[in-house]
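Asks: Sharing a model that was predicted from the sequence below.
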Amino acid sequence: MTSGVAHAPLAQIDTPLLAVALSQGSTVPASLADLDRASGGVVTRAITSGDFKGKRDETTLLYPGGAKPARVLLVGLGKPGDVTRNTIRRAAAVAAKRARALGAKHFTFAVPLEARNGVPPRDLGQVAVEGAAQGAWAFTELKKAAPDEAKPEVESVTVVCDQAEARDVTAGTRVGDAVAAGHRLTRYLQMLPGNVCTPTYLADRAKELANEHGFAFTVLDRAQLQHEGMGALLAVAQGSQQEPRFIVLEYRGGGGGGGGGDAAPVALVGKGVTFDSGGISIKPAQNMEDMKFDMSGAAAVLGTFETLGRLKPKLNVVGVIPATENLPSGTAVKPGDVVKSHLGKTIEIINTDAEGRLILCDALSYVRRFKPAAVIDIATLTGAVVVALGQVAVGAMGNDEPLLAEVRDAGERAGERVWPLPLWDEYRELLKSDIADVKNSGGRGAGSIAGGWFLREFVEGYPWVHLDIAGTAYTDGEGPHQTKGPTAVGVRLFTEFILKRAGA
Ligand code: BES
Ligand code: MN
Ligand code: ZN
């Protein structure tokens, strides 16, 4: 999807669909007067009749004869005082989803000044494009669609603003375009089935990204993992015919005191389990197909690199992805087995379904060589986080309060909410093993924290945050602003985090 910026009276805009976002309880804003007049008062009637109230996600479709736009879609923003960049992004997504349903290849998005609640023009441009791309997204690649249900792609969005703010809005749309591209890649990778999106496939895509944007690229195969001593990752991989891959991308955007570009990097570590059957501790059949999404953390890291490659912020960033399948077989790791991690600690594998922490712990130990300024891992790690926070928030844990606050702040700007869970010492008890340094599963209580504490056992010498996205990586129902399936959670959060650190 491409984006553009236009400054013209709304009544004069020739577009198949003009979406106008309005907050609750508004009368017809002055900036809609020309459109209203040209269309014989159709906007006034929609509002004064009470048919359109401006509630969040509410929409009313109008056909304004006399004005240039073929259709006008009023989109609710909710209460005027609650309007933020997140509500505007969401309204753009609602509009885009509707545009797709209407078969409109292009649409135009306007938020009248009166409805913006002070959201600056640059943010408007960014979130309008982010939302439009999110709402218009659909996965069609594996369908030979019947002609009558085939809907064209939404090819472009135009953001309307005043002439004086056009420069800032355009600067924002450039960020929005880059985020949208990352988002698109992530959702695509998430959606691909496990027989297509294997560890090798992920590595190939990472290499393509590296070639396209000039990142350094390293990949380790099974033999090299043995050489590195990644016993925990290898234990998960040993049940599968698919070769594991350990993928490293390095973006050098510079930054740092002397201007030498040698500042300590931020490392992003993404769980890349391309299918999680549970292994010998096998999962129930119900919804097991969703476990193709168990590489959503890896996909978020790759999507972030797509965004980075386009934005080129002044910061060094390393992306690390341990990738494997988790399958049962005659060669699979068994409950009770003890393996040696990359860090050297031994792990008793109580439950082969707690595999995410096993592959991440070796990655967290590997990243020490980069002397990172901060490490953030992202993983569909525990079903327990879905119980705790539902599909609304990402669960966060870490060893550094300022970094946790920085990540939560980035999540707030990104519209990807992050909520902290405690890693108090008492919880360490959950992981005590009779025969090894640590065990990989703690039992019934505090499941997400046990996962976080396990990872912490392998974090040495850097500030670290763990993001559990098991509840937020995909949705099982349709929403007004997005289609059912993958959400690309993490891409926007990481982008906001990096841009702020880079001072952009
Ligand atoms: N990939 C799952 C977590 C998951 C659950 C993701 C639901 C998305 C939706 C993870 O590998 C897992 O199986 N975790 C276990 C850990 C337990 C065995 C300690 C879980 O949450 O049940
Ligand atoms: Mn599992
Ligand atoms: Zn898993």
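Replies: That came through, no problem. Numbering: from 1, shown residues only. Ligands and ions are numbered 1, 2, ... in the order given.
Asks: what about residue 387, how many neighbours?
Replies: 12 (other C-beta atoms under 10 Å). All C-beta atoms are positioned from the backbone trio N, CA, C, and that covers glycine.
Asks: that's a helix at it, yeah?
Replies: Yes - when classified by DSSP: H, G, I helix; E, B strand; the rest coil, residue 387 is found to be part of a helix.
Asks: which non-adjacent residue is nearest it?
Replies: Distances taken as C-beta to C-beta, 6 or more residues apart in numbering put residue 447 closest to residue 387, at 7.8 Å, once the chain neighbours are dropped.
Asks: Walk me through the domains of the protein.
Replies: Using automatic domain parsing, the domains assigned to the chain come out as 2-163, 180-501.
Asks: Could you report the neighbour count for residue 399?
Replies: By the other C-beta under 10 Å criterion, the neighbourhood of residue 399 contains 17 residues.
Asks: What ranges in the stretch 151-300 of the chain fall below the confidence cut-off?
Replies: Low-confidence segments of the stretch 151-300 of the chain, defined by pLDDT under 70, are located at 256-260.
Asks: so residue 466 sits in a strand?
Replies: Yes - residue state for residue 466 (three-state DSSP) corresponds to a strand.
Asks: hang on, the earlier thing: go ahead and confirm the residue nearest to residue 387 touches residue 382.
Replies: Yes - in this structure residue 447 lies within contact range of residue 382 using C-beta atoms under 8 Å: 4.9 Å.
Asks: hang on, the earlier thing: between the domains of the chain, which gets nearest to ligand 3?
Replies: Proximity to ligand 3, assessed across these by C-beta to the ion, is greatest for domain 180-501 (3.7 Å).
Asks: is the closest one up against ligand 2 anywhere?
Replies: Yes - against ligand 2, domain 180-501 shows contacts by C-beta under 5 Å from the ion at 276, 353, 355.
Asks: Within reach of ligand 3, which of those residues are there?
Replies: Restricting those to those near ligand 3 - C-beta under 5 Å from the ion - leaves residue 276.
Asks: Could you identify which of the residues of domain 180-501 next to ligand 2 has the most neighbours?
Replies: Neighbour counts for the residues of domain 180-501 next to ligand 2 (other C-beta under 10 Å) peak at residue 355, which has 30 neighbours.
Asks: who's in contact with that residue?
Replies: The neighbours of residue 355, taking C-beta atoms under 8 Å, 6 or more residues apart in numbering as the test, are 236, 273, 276, 279, 324, 326.
Asks: roughly how far apart are the fourth one and residue 324?
Replies: So that's residue 279. Residue 279 sits 11 Å away from residue 324 when distances are taken as C-beta to C-beta, to the nearest Å.
Asks: Please apply the same query to the second one.
Replies: Taken as C-beta to C-beta, the spacing of residue 273 relative to residue 324 amounts to 6 Å.
Asks: Quick check: neighbours shared by these two?
Replies: Shared contacts of residue 273 and residue 324 (C-beta under 8 Å, 6+ apart): 236, 355, 359.
Asks: now those in a markdown table, with secondary structure?
Replies: Shown next, in a markdown table, are the shared contacts of residue 273 and residue 324 (three-state DSSP):
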| residue | secondary structure |
| --- | --- |
| 236 | helix |
| 355 | coil |
| 359 | helix |
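Asks: got the phi/psi numbers for residue 18?
Replies: phi -110, psi 110 (degrees, to the nearest 10).
Asks: quick one on the thing from earlier: who wins for most neighbours among the contacts of residue 355?
Replies: Looking at those with neighbours defined as other C-beta under 10 Å, the largest count falls to residue 324 at 32 neighbours.
Asks: My reading is that it lies in a helix. Confirm?
Replies: No - with the criterion set as three-state DSSP, the secondary structure at residue 324 is strand rather than a helix.
Asks: C-alpha coordinates for the stretch of helix or strand residue 404 belongs to, PDB please?
Replies: Under the criterion DSSP states H and E, the helix or strand holding residue 404 is helix 401-414. Taking C-alpha atoms only, helix 401-414 is exported to PDB below (Å, rounded to 0.1, in the frame of the first residue of the first chain):
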ATOM      1  CA  GLU A 401      13.300  -0.900  36.100                       C
ATOM      2  CA  PRO A 402      14.300   1.900  33.800                       C
ATOM      3  CA  LEU A 403      14.400  -0.400  30.800                       C
ATOM      4  CA  LEU A 404      11.000  -1.800  31.700                       C
ATOM      5  CA  ALA A 405       9.600   1.700  31.900                       C
ATOM      6  CA  GLU A 406      11.100   2.600  28.500                       C
ATOM      7  CA  VAL A 407       9.600  -0.500  26.900                       C
ATOM      8  CA  ARG A 408       6.200   0.200  28.500                       C
ATOM      9  CA  ASP A 409       6.400   3.700  27.200                       C
ATOM     10  CA  ALA A 410       7.200   2.600  23.700                       C
ATOM     11  CA  GLY A 411       4.300   0.200  23.900                       C
ATOM     12  CA  GLU A 412       2.000   3.000  24.900                       C
ATOM     13  CA  ARG A 413       3.000   5.100  21.900                       C
ATOM     14  CA  ALA A 414       2.700   2.000  19.700                       C
END
